[in-house]
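**Student:** Provide a 3D model corresponding to the input given below.
(one chain, ligands or ions: 2)
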Amino acid sequence: MRIILLGSPGAGKGTVAKLLTEYDGSIQISTGDILRSAVKKGTDLGKKAKKYMDSGDLVPDSLIMEIMEVRLQETDCRNGFILDGFPRTIHQAQELKKTLARLNIELDFVVNLEVPSNIILDRLSTRRTCINSSCQEIYNVKNNPPAQGGKCKKCGHDVIQREDETAEAISDRIKIYNQKTAPLIGFYENEGFLENVPSLIAPETVAEIKKCAENIKIKKRVVAGKKN
Ligand code: ADP
Ligand code: ZN
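**Tutor:** Ligands and ions are numbered 1, 2, ... in the order given. Presented below is the predicted three-dimensional model:
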């Protein structure tokens, strides 16, 4: 499948994306993960992105588009992709539309993950992340704590609270989401692409998205049949 996951910070984009990759071989592309790994490695991109990320602000559109142009052309995208955390602004969405048209890639649909704001706040402040950039397993101190001593159950590295997950940064990220990213819901609704899906229990969310994917496949078959 070729989809975009929209949703506020803490809506579960990462978790849902990871589960969906097990479904049909589509890969997860998280701009947040790409940026965090660049910061850790100290690359040029990382150096440019760090100050925005630490304060919970968005990295400039031009940087993000540079990364995504390249990323979408890598061979592992051929079986499908799940965009997690991108696009984040109307400008990115418009640029993505042009890029996909140029690369002759058709998007299936856009999922808007819906979660009430009190649940979002609770999720973000209790979230912890594995520090290992090739793992990045997500934990929750309340209902899914890491192993003893704050270690990752999967890889054994430290599990930490991200710098952008302090109370202040969280409130900034939500403000920025409402200002800059929430308008994408209307954008994709106008494009006729939007599926609103509640994101309270991950397996249920995933099942709902799979259903959308099946429906699109059937629709495409019908359209192809009519053409022949
Ligand atoms: P979240 O947990 O808020 O979904 P991500 O892990 O997706 O956060 O991203 C972390 C940070 O990386 C963001 O706060 C932002 O600074 C930057 N970032 C990620 N994706 C984008 C994007 N598409 N455009 C601009 N900045 C981005
Ligand atoms: Zn880990």
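
**Student:** can you list the weak-confidence ranges in the chain?
**Tutor:** For the chain, residues meeting the criterion pLDDT under 70 lie at 227-228.

**Student:** quick one, what contacts the residue sitting nearest the centre point of the chain?
**Tutor:** Centroid-nearest residue in the chain: residue 84, 1.7 Å away (criterion: C-alpha atoms, centre = their mean). Contacts of residue 84 were listed using C-beta atoms under 8 Å, 6 or more residues apart in numbering, and they are 5, 13, 14, 17, 28, 29, 30, 31, 32, 33. Using the backbone N, CA and C atoms, a C-beta is placed for each residue, glycine as well.

**Student:** Adjacent strands (with direction) for the helix or strand containing residue 5?
**Tutor:** For residue 5, the host element (DSSP states H and E) is strand 2-6. If you go by DSSP bridges, strand 2-6 pairs up with strand 81-84 (parallel), strand 109-114 (parallel).

**Student:** List phi and psi for residue 70.
**Tutor:** With angles defined as degrees, to the nearest 10, residue 70 sits at phi -70, psi -50.

**Student:** actually residue 140, not the one I typed
**Tutor:** Main-chain torsions, residue 140, degrees, to the nearest 10: phi -140, psi 120.

**Student:** that older thread, also near ligand 1: which of the contacts of residue 84, exactly?
**Tutor:** Restricting those to those near ligand 1 by C-beta under 6 Å from any ligand atom leaves 13, 31, 32.

**Student:** Report the buried members of these.
**Tutor:** Buried members of these, scored by 16 or more other C-beta atoms under 10 Å, are 13, 31, 32.

**Student:** Next, count neighbours for residue 114.
**Tutor:** 16 (other C-beta atoms under 10 Å).

**Student:** wait, isn't it in contact with residue 196?
**Tutor:** Yes. Residue 114 is within contact range of residue 196, at 5.7 Å (criterion: C-beta atoms under 8 Å).

**Student:** Which neighbours do those two have in common?
**Tutor:** With C-beta under 8 Å, 6+ apart, residue 114 and residue 196 have no common neighbours.

**Student:** Near ligand 2, which residues of the chain are found?
**Tutor:** Contact residues (C-beta under 5 Å from the ion) of the chain with ligand 2: 130, 132, 135, 137, 152, 154, 155, 157.

**Student:** Can you flag which of these belong to strands?
**Tutor:** residue 130 (DSSP state E).

**Student:** Turn the residues of the chain next to ligand 2 into TSV, including neighbour count.
**Tutor:** Formatted as TSV, the residues of the chain next to ligand 2 follow (neighbours: other C-beta atoms under 10 Å):
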residue	neighbour count
130	22
132	16
135	14
137	18
152	21
154	13
155	14
157	18
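
**Student:** ok now do residue 120, which residues does it touch?
**Tutor:** 8, 9, 10, 11, 174.

**Student:** one more time with 7 Å, if that's ok
**Tutor:** By C-beta atoms under 7 Å, 6 or more residues apart in numbering, the contact list for residue 120 reads 8, 10, 11.

**Student:** do residue 69 as well
**Tutor:** Contacts of residue 69 by C-beta under 7 Å, 6+ apart are residue 99.

**Student:** Pop out the phi and psi values for the closest residue to ligand 1 within the chain.
**Tutor:** Residue nearest to ligand 1 within the chain (C-beta to the nearest ligand atom): residue 32, separated by 2.1 Å. Dihedral pair for residue 32: phi -60, psi -50, per degrees, to the nearest 10.
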